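*Asks:* Fold the following and give me the result.
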Amino acid sequence: MSTSHAQPQARTPNFAVTSRSWPKQAGLRKVLGRTLRRCGALVTLAGAALGGQAATPLVFAIPPEDRLSVTMAQRVLALAYQELGVEVQYTKLPVRRGYALADEIDGVGLGVTLDIALTQVRIEVPVSYEEAAVYATRTDIVPNGYASLQPYVIGHIAGIGYLETRLQGMRTDTATNVESLFRKLEMGRTDVVVDSRFNSCLIKTLGLRKVQLLHPSLETAPGFHFLHMRHAALVPRVTAVLRRMAADGTIKKVQAQALKEYRSQCD
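*Replies:* Presented below is the predicted three-dimensional model:
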């Protein structure tokens, strides 16, 4: 599903200049038309410079699963954009597809990576985090960093950049969603899965009896928000608001509340 949003075009005033009213002024009419078109373009650019604060909301891609990390990011961004008076919406896309459509969307709600596409600008303040953990059906596997997974066939979600980097050169098997990822593990098609520790609740929901969350976790990685470069004028404003929210503890409070709610639903 592709979501594309164009800036609304400024309406050109209807000056009803006709050949009858100005029978000998064709050249002047052409000049006037060019001037009005240029003015319209300037109005459109001015609207874009304001960060897209038009009637059309900004649309950000997020993964289709109900991930705790995504919930954290959405709540943090809701506060930030509300303060800026900018309406935002989300479209659910598989990670790899969301990155492939990076030129068509207004941004990415959460990316646990440093780069997504040349057109996407990373906001430097983390809005969430992922705790990478190992899942398995065997009890004799003890995670000790990514290198300890070398002997196994490792399942992970396709398109998650930092995991693809960590697992480079190892035997991997990708899935497009978390449910498929865990079902493959349950059926023995993979030996282990590397995914968010917070997805352990899904194991219960899916009724998977063999899959277990192993300890310790592999790492905690920060998650960032990305904006399309056509909203470049909005980047410093969003960054400033998020920096203040990080400094005064708002982001941590939002994340802690989301984690508390998650654990209460999981238990």
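
*Asks:* can you give me the helices in the stretch 51-200 of the chain?
*Replies:* For the stretch 51-200 of the chain, applying DSSP state H, counting those that start in this stretch gives helices covering 68-84, 95-100, 161-166, 178-186, 200-206.

*Asks:* and this protein, what are its domains?
*Replies:* 18-49, 58-129+221-266, 130-219 (automatic domain parsing).

*Asks:* now for the second one, what's the gap between its first and last residues?
*Replies:* Which is domain 58-129+221-266. By C-alpha to C-alpha, to the nearest Å, the extent of domain 58-129+221-266 from end to end equals 32 Å.

*Asks:* Does Thr250 touch Leu79 like I think?
*Replies:* Yes: counting by C-beta atoms under 8 Å, Thr250 touches Leu79, with 6.9 Å between them. For glycine as for every other residue, the C-beta is placed from the backbone atoms N, C-alpha and C.

*Asks:* Tell me who's in contact with Leu202.
*Replies:* 65, 178-179, 182 (C-beta atoms under 8 Å, 6 or more residues apart in numbering).

*Asks:* Okay, strands next: where are they in this protein?
*Replies:* Here the chain has its strands, by DSSP state E, at 58-62, 88-92, 107-111, 120-122, 128-136, 154-157, 172-175, 192-196, 212-213, 219-228.

*Asks:* Comparing these, which comes out most buried?
*Replies:* When the strands of the chain are scored by mean count of other C-beta atoms under 10 Å, the highest mean neighbour count falls to strand 107-111 (a mean of 28).

*Asks:* just the angle between that strand and helix 68-84, please?
*Replies:* 140 degrees (axes from the mean of the first three to the mean of the last three C-alpha atoms, to 10 degrees).

*Asks:* Spell out which strands sit alongside strand 107-111 in the sheet and which way each one runs.
*Replies:* strand 58-62 (parallel), strand 219-228 (antiparallel) (DSSP bridges).

*Asks:* Now do that strand: distance to the chain's middle.
*Replies:* Mean-position distance between strand 107-111 and its chain equals 2 Å (C-alpha atoms, centre = their mean, to the nearest Å).

*Asks:* any residues touching it, and which ones?
*Replies:* By C-beta under 8 Å, 6+ apart, the residues outside strand 107-111 that reach it are 58, 60-63, 69-70, 73-74, 77, 90, 98-99, 102, 116, 120, 122, 127-128, 161, 223-228, 231.

*Asks:* how about Ser217, what does it touch?
*Replies:* 131-134, 143, 197.

*Asks:* If we use 10 Å, what do you get?
*Replies:* Neighbour list for Ser217: 130-134, 143, 196-197 [criterion: C-beta atoms under 10 Å, 6 or more residues apart in numbering].

*Asks:* right, and the pair among the residues you listed with maximum separation?
*Replies:* Glu130 and Pro143 (15.5 Å; C-beta to C-beta).

*Asks:* for the strands of the chain, which one sits closest to Val254?
*Replies:* With C-beta to C-beta, the closest approach to Val254 among these belongs to strand 128-136: 9.4 Å.

*Asks:* Quick one: mean pLDDT over the closest one.
*Replies:* When pLDDT is averaged along strand 128-136, the result is 97.

*Asks:* hmm, back to that, worst mean pLDDT among the helices of the stretch 51-200 of the chain?
*Replies:* Among the helices of the stretch 51-200 of the chain, helix 95-100 carries the lowest mean pLDDT (a mean of 63).

*Asks:* Any idea how many residues pack against Gln168?
*Replies:* 9 (other C-beta atoms under 10 Å).

*Asks:* any idea how far Phe60 is from it?
*Replies:* Between Gln168 and Phe60 the computed distance is 28 Å (C-beta to C-beta, to the nearest Å).

*Asks:* Contact partners for Glu219?
*Replies:* Glu219 sits next to 130-133, 145-146, 162, 166 when contact means C-beta under 10 Å, 6+ apart.

*Asks:* Pretty sure Glu131 sits against Val194.
*Replies:* No: using C-beta atoms under 10 Å as the test, Glu131 is too far from Val194 to be in contact (11.1 Å).

*Asks:* hey, what's in contact with both of these two?
*Replies:* Residues touching both Glu131 and Val194 (C-beta under 10 Å, 6+ apart) are Leu218.
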